[in-house]
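[1] Sequence below, structure please.
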Amino acid sequence: MSLNPDLAAYLKLVEEGRTTGKVLPMHALTPDQAREQFEQSSALMAPKAEEPEQIDNLTLLARDGHALQARLYRPPEADPHLLGAAVMYLHGGGYVVGSLDSHDALCWNLAQEAGVPVLSVGYRLAPQWRFPTAVDDALDGWRWLVDNAAELGIERNRLAVMGDSVGASLATVLASQLAEQAQLPAPRLQVLVYPVTDASRSRASTQRYASGYLLEQQTLEWFYRQYARQPADRLDPRFSPLLGAVSPQAAPALLLVAECDPLHDEGVAYARHLEEGGVPVSLQVMAGVTHDFMRMGLIIEEAEEGLALVVEALRERL
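    Next up is the predicted model:
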């Protein structure tokens, strides 16, 4: 399958920028430079919709007392079939880049299209905060949502967790953790968009799409080195969920995998891994698109198609 023509044209512009030296790959930048570049490119890819009826910028306290930034999106019009339901969102960015702002349009569109509140949690980034800080922050964000559900008009037993890229990794780790305890309600659905599930980078798609498809193989390695405290961390199931056991009590999963993505094979393998472990799974491989396609609403129609699949799953499971 060939690339979406509009996406191919965008990638050509990116490549021209690198050839001229105007744009450097992330692995050639400092973390601060990479964050700035990521925020700038985010504004070019995703539509900036009108503000929803209410956006609340929040501060949540992590277990160590650190203040986490979060953003609650309330839909202009609630879906009558999803009254009381909500989604917690964890952004992508390789544990190094990404923010509430970079995924603002995606979360707003999700709240609007699904008609449910969306809580976007800004977990701490590497290398300032290494593994497993982001994992712990995700759980603390979930605890805050559960503890404040009644005040927000949300039913604590009608929640989903969603993330893209490493945010999807955090989401599925969270779903696994919650399935193994009784103190907090577990999500009813986990939505995993082009998830990171195996930090070994040993699968065929990692080589097949090593460069020229937005997410570079060298950048992946750079991300992992920024996040890991030591090489052994990459074998931890909280870092590489594909290496862990599956709880059959874990939430049903929707996986959206991009065809032209170095993470394609590990995404497909993870869907199989969950299914073999007894978890209901729906896998959708989006043809002709790359990593990060869900944030490309200004470039390709597949972003809207992916969002529609998410909304359908929310209505089915919540």
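[2] tell me what the helix or strand containing Leu139 is packed against?
    Applying DSSP states H and E as the criterion places Leu139 in helix 133-147. Contacts defined by 3 or more CB pairs under 8 Å, 6 or more residues apart in numbering; DSSP states H and E place helix 133-147 against strand 54-61, strand 67-74, strand 86-90, strand 118-122, strand 159-164, helix 166-179. In this view, the C-beta of every residue, glycine as well, is placed from N, C-alpha and C.
[3] And that helix, what's buried?
    For helix 133-147, a neighbour-count test (16 or more other CB atoms under 10 Å) marks 133-142, 144-146 as buried.
[4] so where do the helices sit in this protein?
    5-20, 31-45, 104-114, 133-147, 149-152, 166-179, 204-208, 217-227, 264-276, 302-317 (DSSP state H).
[5] tell me the most buried of these?
    helix 166-179 (a mean of 26; mean count of other CB atoms under 10 Å).
[6] what packs against that one?
    With 3+ CB pairs under 8 Å, 6+ apart as the test, helix 166-179 has strand 86-90, helix 133-147, strand 159-164, strand 189-193 packed against it.
[7] what residues does the third one touch?
    The reference is to strand 159-164. 85-92, 103, 106, 110, 142, 145-146, 149, 168-171, 174-175, 185, 187-195, 251, 292, 294-295, 310, 314, 317-318 (CB atoms under 8 Å, 6 or more residues apart in numbering).
[8] partners of it, with directions?
    Taking DSSP bridges as the criterion, strand 159-164 pairs within the sheet with strand 86-90 (parallel), strand 189-193 (parallel).
[9] I'd like the ones you listed as a markdown table, with mean pLDDT appended.
    As requested, the strands paired with strand 159-164 are exported to a markdown table (pLDDT from 0 to 100):
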| stretch | mean pLDDT |
| --- | --- |
| strand 86-90 | 99 |
| strand 189-193 | 99 |
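[10] In the chain, spot the strand with the most residues.
    The residue-count maximum for a strand in the chain (DSSP state E) belongs to strand 281-290.
[11] What are the buried residues along that one?
    Under 16+ other CB under 10 Å, the buried positions of strand 281-290 are 281-286, 288-290.
[12] Let me know the closest of the residues you listed to Glu216.
    Nearest to Glu216, judged by CB to CB, of the buried residues of strand 281-290 is Thr290 at 11.1 Å.
[13] So what pairs up with the closest one in the strands?
    Cys260.
[14] Nearest the geometric middle of the protein, what residue?
    Centroid-nearest residue in the chain: Asp164, 1.8 Å away (criterion: CA atoms, centre = their mean).
[15] Could you give the bridge partners of that residue?
    Here Asp164, judged by DSSP bridges, has bridge partners Val193.
[16] ok, now how distant is it from Ala8?
    For Asp164, the distance to Ala8 equals 21 Å [CB to CB, to the nearest Å].
[17] Kindly report the same for Leu314.
    31 Å.
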